[in-house]
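Trainee: A predicted structure for the sequence below; I have some questions about it.
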Amino acid sequence: MENSLDPSSTPYFQTLRGFHDILPDDSDYYTLIKKVVRHRGRQAGFRRISTPILEASEVFTRGIGDTSEIVQKEMFSMLSHSGKSMSLKPEGTAGVVRSYIEHGMMNLPQPVQLYYIEPHFRYDRPQKGRYRQFHQFGLEVIGGRDPSIDAQVILLAQKILADLQIADRFTLQINTIGNMAVRDNYNNALRDYFYGKERHLTPELLVHLEKNPLRLFDTKDEDLKILLALAPKLQDFLDAESRNYYDEIKSFLTEMRMPFVENTSLVRGLDYYTDIVFEFWDKHDGAQNAIGGGGRYDGLVELMGGRATPATGAAFGVERIIAHMKDAEVAPPRKDKMHVFVAQLGGVAKKKAVRILSELHDAGVHAIGAVGKASMKYQLELANKFDVDWAVLLGEIEVKDNTAILRNMRAGTQEIMPLPQVTARVVELVGPENLDTYRIGE
Ligand code: AMP
């Protein structure tokens with residue numbers, strides 16, 4: 001589309017790198033995705049939560065873990081006037097857990113099931129499928145530890161992807177990293193293994209070794225990869241409880257005919273996971289463009305200052321979902337089509353036009369008009385450009401007679417009628433199924 005820049009004028013403004021306007025055509029995708037998440041969430045007893053975009057940085061450093069890539073390199077942080085560090089939320093779970101504790105949700109019937117659809121911010125290098133502001137929908141179940149809950153979160157996510165007609169594009173990858181005791185034992189074993197081998201690690205990796213050794217497995221360094229190949233295996237540390245828990249999740253998935261791939265190298269970047277971790281991988285690009293993922297986070301509520309409370313959840317990237325829908329040629333319903341243009345000549349006619357427009361809107365008809373002072377010919381050309389089916393014409397004669405001309409823009413035919421009958425006639429022609437009406441409480 002041609003833009004309206006004046007080349008001779010001062011520099012114009014553009015969005016920041018990695019930030020995007022959501023233009024009306026794309027808004028239809030967001031609307032549809034929100035609708036699916038809302039309905040599917042509600043069916044399964046999830047209620048919507050929206051936490052602030054800006055939180056004390058500590059919510060994320062504590063919650064996500066200050067060794068994670070997101071916290072170390074990707075947070076948009078700033079200082080308040082009083083010098084307090086605040087950050088734009090890079091993910092949803094930490095804020096939801098902060099809210100769960102702050103509002104005493106442990107006193108509600110457990111588990112508490114929440115969903116969100118929110119913008120998130122990461123100071124990442126922008127590229128295809130990776131933006132600095134992006135949206136995620138997420139599901140969180142706090143206050144329950146049962147394999148059936150983990151399986152149900154996965155199945156709910158799968159239903160959402162299926163409703164959006166893109167479920168067949170992904171494989172579900174799953175792994176267990178063991179309960180908290182297993183993680184602790186394994187972390188200690190890794191620290192022991194690297195004792196005496198510290199010279200192979202950068203200062204940054206030494207910090208990971210100290211705080212969250214599992215993160216070493218994210219490395220791209222070939223020498224470290226060789227060392228890690230010989231390191232103790234997490235699978236050997238799994239205790240009976242962790243194994244049973246994982247086996248039961250798998251048996252629920254199998255029962256529900258949800259295919260999965262077991263992937264023992266999947267650990268996920270955040271510090272807070274325990275037991276099951278999972279991702280939905282693009283069948284073509286694998287992990288590179290995962291559409292979403294999640295896992296159990298039994299330690300997080302306590303870590304953030306609440307009572308020990310088990311929890312599990314998942315988050316999905318809305319922009320990546322939209323990219324897949326476009327690629328699969330799944331189009332959202334277009335509900336913005338204009339039905340009627342109201343054209344008028346003269347001041348009195350314009351008053352009547354505004355009244356007719358208001359009546360049409362109340363009846364659920366998409367109608368525009370009464371714009372400017374142009375000739376009837378120009379207004380009819382404009383009506384054509386807006387691609388309306390009907391035009392209501394109010395000229396000087398019609399104003400005098402209190403009538404209006406109703407023009408069928410496709411056929412080029414027209415009829416004349418008393419002005420008070422116009423709305424009812426238009427409603428009849430547009431058809432009740434195409435009216436845009438709603439009831440509060442629906
Ligand atoms: P994560 O919690 O990092 O695994 O993110 C969950 C999902 O959010 C990913 O699978 C992506 O679909 C989406 N996502 C994460 N980071 C970005 C980003 N920078 N831009 C767009 N989508 C993202």
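Mentor: Now that the structure is in, tell me what you want to look at.
Trainee: Give me every residue in the stretch 201-350 of the chain lying close to the ligand.
Mentor: For the stretch 201-350 of the chain, the residues in contact with the ligand (Cβ under 6 Å from any ligand atom) are Ala290, Ile291, Gly292, Gly293, Ala315, Phe316, Gly317, Glu319, Arg320. (Each C-beta comes from the backbone N, C-alpha and C, glycine too.)
Trainee: what about 5 Å?
Mentor: With Cβ under 5 Å from any ligand atom as the criterion, the stretch 201-350 of the chain comes near the ligand at residues Ala290, Gly292, Gly293, Ala315, Gly317, Arg320.
Trainee: So the fifth one is in contact with Ile291, correct?
Mentor: What that stands for is Gly317. Yes - the criterion here is Cβ atoms under 8 Å, and Gly317 meets it with Ile291 at 6.2 Å.
Trainee: measure Tyr100 to Ile160 for me?
Mentor: Distance of Tyr100 to Ile160, computed by Cβ to Cβ, to the nearest Å: 23 Å.
Trainee: Can you tell me the closest non-neighbouring residue to Asn179?
Mentor: With Cβ to Cβ, 6 or more residues apart in numbering as the criterion, Asn179 has its nearest non-adjacent residue at 4.9 Å, and that residue is Ser242.
Trainee: got a list of what the one you found touches?
Mentor: Thr176, Gly178, Asn179, Val182, Asp275 (Cβ atoms under 8 Å, 6 or more residues apart in numbering).
Trainee: Just the residues you listed: which are in strands?
Mentor: Applying DSSP state E to the contacts of Ser242, the entries found in strands are Thr176, Asp275.
Trainee: closest to Asp26 among the contacts of Ser242?
Mentor: Asp275 (36.8 Å; Cβ to Cβ).
Trainee: Count the residues that sit near the nearest residue to Val371 once chain neighbours are set aside.
Mentor: The shortest distance from Val371 to any non-neighbouring residue, by Cβ to Cβ, 6+ apart, is to Leu382 (7.6 Å). Leu382 has 18 neighbouring residues, counting by other Cβ atoms under 10 Å.
Trainee: Just the buried residues from the contacts of Ser242, in ChimeraX please.
Mentor: Command for ChimeraX that selects the buried part of those, burial taken from 16 or more other Cβ atoms under 10 Å:
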select :176,178,179,182,275
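Trainee: now the contacts of Ser242 in a markdown table, with pLDDT?
Mentor: As requested, the contacts of Ser242 are exported to a markdown table (pLDDT from 0 to 100):
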| residue | pLDDT |
| --- | --- |
| Thr176 | 95 |
| Gly178 | 92 |
| Asn179 | 89 |
| Val182 | 91 |
| Asp275 | 94 |
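Trainee: Okay, buried residues for stretch 290-306 please.
Mentor: If you call a residue buried by 16+ other Cβ under 10 Å, then stretch 290-306 has these buried ones: 290-301, 303-304, 306.
Trainee: Check those and tell me the two furthest apart.
Mentor: Spanning the widest gap among the buried residues of stretch 290-306 are Ile291 and Gly306, at 30.2 Å by Cβ to Cβ.
Trainee: Next, report how far whatever helix or strand Ile356 lives in is displaced from the centre of its chain.
Mentor: Per DSSP states H and E: Ile356 is located in helix 347-362. A distance of 39 Å separates the centroid of the chain from that of helix 347-362, by Cα atoms, centre = their mean, to the nearest Å.
Trainee: and that helix, what other elements does it pack with?
Mentor: strand 340-344, strand 367-369, strand 390-394, helix 396-401, helix 422-430 (3 or more Cβ pairs under 8 Å, 6 or more residues apart in numbering; DSSP states H and E).
Trainee: ok, residues contacting that helix?
Mentor: 340, 342-344, 367-370, 392, 394-396, 398-399, 404, 419, 422-423, 426.
Trainee: hmm, try it at 6 Å
Mentor: Helix 347-362 is contacted by residues Val342, Gln344, Ala367, Gly369, Ala370, Leu394, Val399, Val422, Thr423 when judged by Cβ atoms under 6 Å, 6 or more residues apart in numbering.
Trainee: same thing with stretch 118-127?
Mentor: Stretch 118-127 has contacts (Cβ under 6 Å, 6+ apart) with 17-18, 74, 76, 88-91, 130, 133-136.
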